[in-house]
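[1] give the three-dimensional model of this entry:
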Amino acid sequence: MQVARFVFLTMLPSTGTQGDPPGGVVWMLVSPNNRTLGRGLSLHRSYADCRDAVLRLREGGPRCRPVLSNVEATGQWTWRVELDGRQVAMASRSYLRMRECSYNLERFLAVLPAAEVVPGTRAVRRGRWHGDPGAGEGETRPGASLRQVAR
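    Predicted coordinates:
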């Protein structure tokens, strides 16, 4: 039987074109049917650093604080997870309804402790990266106006 797993993506260095991702390694958590459940906020310098961040997240699961947010500009919902006061994970997409957002956050948290950590990385050449590589575990979409909802 397949289980949820952490997949690591090597984001190849930017060619200087605006919108290209910076170089580094990120993680995402995928379900047994390959649906993305969530992703990390930080861009790590190496696979080892990224893997260590995933292991800390799994070990710190009971201390995770989920946060639902409403993006005022669009009215859509998103979630993030904080560990020891630092943002460590976020939804891979936004949701039209709060209940859909909450359900998907619950799925992420439910599989987190037993998710397999896949060895190695996959190379990604292009894509949108909403993280701030200089901010560590900081905000992911500078300028976005969010309303937090207590959980």
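[2] below-threshold pLDDT in this protein: ranges please.
    Applying pLDDT under 70 to the chain picks out residues 1, 13-22, 125-151.
[3] pick out the residue closest to the middle of it.
    Nearest to the geometric centre of the chain sits residue 39, at 2.0 Å (C-alpha atoms, centre = their mean).
[4] doesn't that one belong to a strand?
    Yes - checked against DSSP: H, G, I helix; E, B strand; the rest coil, residue 39 lies within a strand.
[5] for the chain, what spans make up the helices?
    Ranges of helices within the chain are 47-59, 98-111, based on DSSP state H.
[6] what's the local residue count around the residue nearest to the residue nearest to the centre of the chain when sequence neighbours are not counted?
    Nearest non-adjacent residue to residue 39, counting by C-beta to C-beta, 6 or more residues apart in numbering: residue 28, 4.1 Å away. Where C-beta positions appear, they are placed from N, C-alpha and C, glycine not excepted. Residues lying near residue 28 (other C-beta atoms under 10 Å) number 16.
[7] the one 3 residues further on now?
    The local packing of residue 31 (other C-beta under 10 Å) involves 16 other residues.
[8] ok, the closest residue in space to residue 83 that isn't next to it in sequence to residue 113 distance?
    Nearest residue to residue 83, sequence neighbours excluded (C-beta to C-beta, 6+ apart): residue 60, at 4.7 Å. Going from residue 60 to residue 113 by C-beta to C-beta, to the nearest Å gives 10 Å.
[9] since that was my last question, I'll sign off now.
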